[in-house]
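Asks: just coords:
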């Protein structure tokens, strides 16, 4: 089975999550600093992806609530193009609407995150949520009829 690496791309922080070897479970990995430059960010992500032996890269696409693409989605697509170029690996997209909100709620529910200024980066948790959605959709698509 391939190893999947999900990327929650942001200009300041980039969250990573990785699948288990069976390709069924997503786990948060790390948060790396963004440079607000798609090419430099792609190189940094690819360097990290190699440490996880990633075969497939999944980039969270921040769509608007109506499904349209705004400026951040276009910026993310530029990053994904650069990542595909630098890595030579397949790059898929996964809708990441509300993944950061879901990550905040999850951590708050488990009392792992305070409110206000005490926040820790949650970008790797958002990437985990995005990757789990991607993996779940793949398992449904691969299920026998």
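Replies: In hand now; what should we look at? These numbers were taken from a predicted model, which means no experiment stands behind them.
Asks: which residue ranges form the strands in this protein?
Replies: Taking DSSP state E as the criterion, the chain carries its strands at 4-8, 13-19, 26-33, 56-61, 91-95.
Asks: quick one: contacts of the longest one?
Replies: The contact list for strand 26-33, computed with C-beta atoms under 8 Å, 6 or more residues apart in numbering, reads 4-6, 12-20, 44-45, 48, 52, 121, 123-125, 127-129, 131-132, 134-135. The way it works is simple: take the backbone N, C-alpha and C, and place the C-beta from them, glycine included.
Asks: tell me the buried residues in stretch 121-138?
Replies: Counting neighbours by 16 or more other C-beta atoms under 10 Å, one finds that the buried residues in stretch 121-138 are 121-135, 138.
Asks: ugh, wrong one, stretch 36-54
Replies: In stretch 36-54, counting by 16+ other C-beta under 10 Å, buried: 38, 41-42, 44-46, 48-49, 52, 54.
Asks: looking at the buried residues of stretch 121-138, spot the one nearest residue 60.
Replies: Lowest distance from residue 60 to those (C-beta to C-beta) belongs to residue 130, with 4.1 Å.
Asks: which residue packs closest to the closest one, ignoring adjacent ones?
Replies: For residue 130, the nearest residue in space outside its immediate sequence neighbours is residue 60; the separation is 4.1 Å by C-beta to C-beta, 6 or more residues apart in numbering.
Asks: dump the residue contacts of the one you found.
Replies: 6-9, 76, 93-96, 99, 126-127, 130.
Asks: separate out the buried members of the residues you listed.
Replies: Of all the contacts of residue 60 considered here, the ones buried according to neighbour count by 16+ other C-beta under 10 Å are 6-9, 76, 93-94, 96, 99, 126-127, 130.
Asks: returning to what we had before: what's the farthest-apart pair in the contacts of residue 60?
Replies: Applying C-beta to C-beta across those, the maximum distance is between 93 and 126, 14.8 Å.
Asks: helices and strands around the lengthiest helix in the chain, which ones?
Replies: Once the chain is assigned using DSSP state H, the helix that runs over the most residues is helix 123-142. Using 3 or more C-beta pairs under 8 Å, 6 or more residues apart in numbering; DSSP states H and E as the contact test, the elements touching helix 123-142 are strand 4-8, strand 13-19, strand 26-33, strand 56-61, strand 91-95, helix 99-109.
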